[in-house]
Each structure stands twice: as structure tokens, then as C-alpha cells.
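Undergrad: Below is the sequence, then the predicted model.
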Amino acid sequence: MTSTAERVAERLDAVRGRVTAAAARAGRDPAEVSVLGASKVQPVEVVAAALEHGLGLLGENYVQEAAEKRPQIEALASERGFAAPRWHLIGALQRNKAKRAVELFDVVETVDRSSLADALAKAVARDGARSGGVLDVYLQVNLSAEEQKAGAAEEALPALFDHCVGREELRVVGLMAIPAPVEDPADNRPAFARLRAWRDRLRERPGGEDLRGLSMGMSRDFEIATEEGATVVRVGSDLFGPRPPK
């Protein structure tokens, strides 16, 4: 019988293979694309199996869940000898949890308003960040203009970028987006291309020298995202399997 660790390892190899093939179709180096394991509600042992097989980035949606998982993952890493991952916050963040987010995460991918940027910068200034005195952040963009969806409106993005690069405690390293649900994953190609265009445009602004990342694409469409320039693809079910019931 195939073990959980073996199943996760097989899935991770399959995801990497699909990324490599998509990168080749676009004439890209697959080494430019990192797989991030979106591990919301996944058991620690399942997550650890992927980390033991070389997964380097872990994404959590909730501060509280990361607070519970991180010590357990770090203990297993020490016990089993695998490298601890780099933790990304990929879910919406409230300002009152900014301090805890700075304590737990190496990267916050969901900065979508100046007030949140200020709260994160204040927390870094007061307590430092896991990587020293600067927190790496992505700006989340609402490409579909859905009212219920997090992310800055496209027209507000330049001002948000300028505000964030003006905070010495923050380093803007990328853009992140979750396009609207579609029947055909290829229908998200224009949205991914638009996010890439925004990245390229903002890199020309003062402070844009660190802006290289594009976090886009999930289990259904990460191959399309890779073809359109993603540097981080957020993969959950295709890596860990279906989420367990709550």
C-alpha cells in the first residue's frame, strides 16, 4: 500500500514536471518558478511529507493556523533533518493581526491597502522581522474587480506601490492575484498577462528594483500562469490531495 509520504512525493514530482513542461513551452527556465504548497487545513504530517521531498515554500491563509503549525513543522524539521520552509501568508490579513503575522511569516503576499502596509511596517520597526529589519511583501491586485474579493484595484496600484516602497521596513518583491473563477483555465491567461504587465511597469518606478515576483496560478491553472511569467505558483489540492473535512 502506498504511504501518505509516497503519495505526496509523487504529487510534488508531478507538479514540478508540469511546471517544467509549461516553462519549456514559454521558452522559460523552470528554475525561475517556485512551487508553494498551499497548506490550509492540511495535517502537519502531510505537509511535512512534502517538505521532506524538497518543497521549500509553504503558504498559509490564516495567522492562527500558522501559529499552531509552525512550531510543529520546525520540530519535525529538526527531528528528521529536512530544511525548514519559507513561510508565506497568502490569505487576507486584518491590521490587528499584523504584529503576529510579522512574527510568523517570512513573506506577506496580501498587502492591498496602505493602512495594512503601515501596520506591518510599524510591527517590523518595533519587533523586527524574521529576515532582519525588513519584511518582504507582495501587493495583492484585484484583477477581476470583484467587490467581495481582496486586493487593490488596478487603478490604485501605483499609489499603493509608492506608499509601500516609501516604508523602509518593507521590501516590495512581487505582485499577487487570484483571478475570477472560470470554466476553462486558459481563460485566465489575459489576467495573468495583465499582472505581468503591471509588474514590468512598476519596476520602472523609483524603488522598483526588487520587484521581480509574480505569485499567480493555483491547482487548476498554474501551468497557464507559468506560461505567462509566474515566479510562484500556489498549489494545494494537486500537491496535498483534497482538503480534509473540517
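TA: Yep, that arrived.
Undergrad: what are the phi and psi values for the residue nearest to residue 86 when sequence neighbours are not counted?
TA: Leaving aside its sequence neighbours, residue 86 sits nearest to residue 106 (CB to CB, 6 or more residues apart in numbering; 4.8 Å). Any C-beta I mention is one placed from the backbone N, CA and C, and that applies to glycine too. The phi/psi pair for residue 106 (degrees, to the nearest 10) reads phi -80, psi -30.
Undergrad: Could you measure from residue 106 over to residue 57?
TA: Computed as CB to CB, to the nearest Å, the residue 106 to residue 57 distance reads 9 Å.
Undergrad: ok, which stretches of this protein are helices?
TA: Along the chain, the stretches classed as helices by DSSP state H are 4-25, 44-52, 63-80, 98-104, 114-127, 157-165, 189-202, 222-227, 237-240.
Undergrad: quick one: which of the ones you listed is nearest residue 90?
TA: helix 63-80 (10.4 Å; CB to CB).
Undergrad: Below-threshold pLDDT in the chain: ranges please.
TA: When residues are selected by pLDDT under 70, those of the chain lie in 1, 129, 131, 246.
Undergrad: one more time with 90
TA: 1-4, 127-133, 143-150, 179-182, 242-246 (pLDDT under 90).
Undergrad: more neighbours, residue 106 and residue 57?
TA: residue 57 (21 against 17; other CB atoms under 10 Å).
Undergrad: Identify the spatial nearest neighbour of that one, chain neighbours not counted.
TA: Excluding its sequence neighbours, the residue lying closest to residue 57 (CB to CB, 6+ apart) is residue 36, at 4.0 Å.
Undergrad: check contacts around that neighbour.
TA: Residue 36 makes contacts with 57, 58, 59, 88, 90, 215, 232, 233, 234, 235, as judged by CB atoms under 8 Å, 6 or more residues apart in numbering.
Undergrad: Could you single out the nearest of those to residue 24?
TA: Of all the contacts of residue 36, the one with the least separation from residue 24 (CB to CB) is residue 233, at 15.2 Å.
Undergrad: dump the residue contacts of the closest residue to residue 105 other than its chain neighbours.
TA: Nearest residue to residue 105 in three dimensions, chain neighbours excluded: residue 89, at 4.5 Å (CB to CB, 6+ apart). By CB under 8 Å, 6+ apart, the contact list for residue 89 reads 59, 60, 61, 63, 66, 101, 104, 105, 107, 108, 109, 110.
Undergrad: at 10 Å instead, please
TA: Residues near residue 89 by CB atoms under 10 Å, 6 or more residues apart in numbering: 59-63, 66, 97, 101-102, 104-111, 137-138.
Undergrad: same check, this time on residue 43
TA: Neighbour list for residue 43: 4, 49, 69, 72, 240, 244 [criterion: CB under 10 Å, 6+ apart].
Undergrad: now swap in residue 79 and tell me
TA: With CB under 10 Å, 6+ apart, residue 79 has these contacts: residue 48.
Undergrad: gap between it and residue 169?
TA: Counting by CB to CB, the gap from residue 79 to residue 169 is 34 Å.
Undergrad: can you check residue 238 too?
TA: The spacing between residue 238 and residue 169, counted by CB to CB, is 35 Å.
Undergrad: who's more crowded, the two?
TA: Neighbour tally, residue 238 and residue 169, criterion other CB under 10 Å: the higher count belongs to residue 169, 21 against 18.
Undergrad: can you list residues touching both of residue 106 and residue 57?
TA: The contact sets of residue 106 and residue 57 overlap at 85, 86, 87, 88 (CB under 10 Å, 6+ apart).
Undergrad: hang on, the earlier thing: write a ChimeraX command that selects only the buried members of the contacts of residue 43.
TA: Selection command for ChimeraX covering only the buried members of the contacts of residue 43, criterion 16 or more other CB atoms under 10 Å:
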select :49,69,240
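Undergrad: ok, the contacts of residue 43 vs residue 196, which is closest?
TA: residue 240 (27.3 Å).
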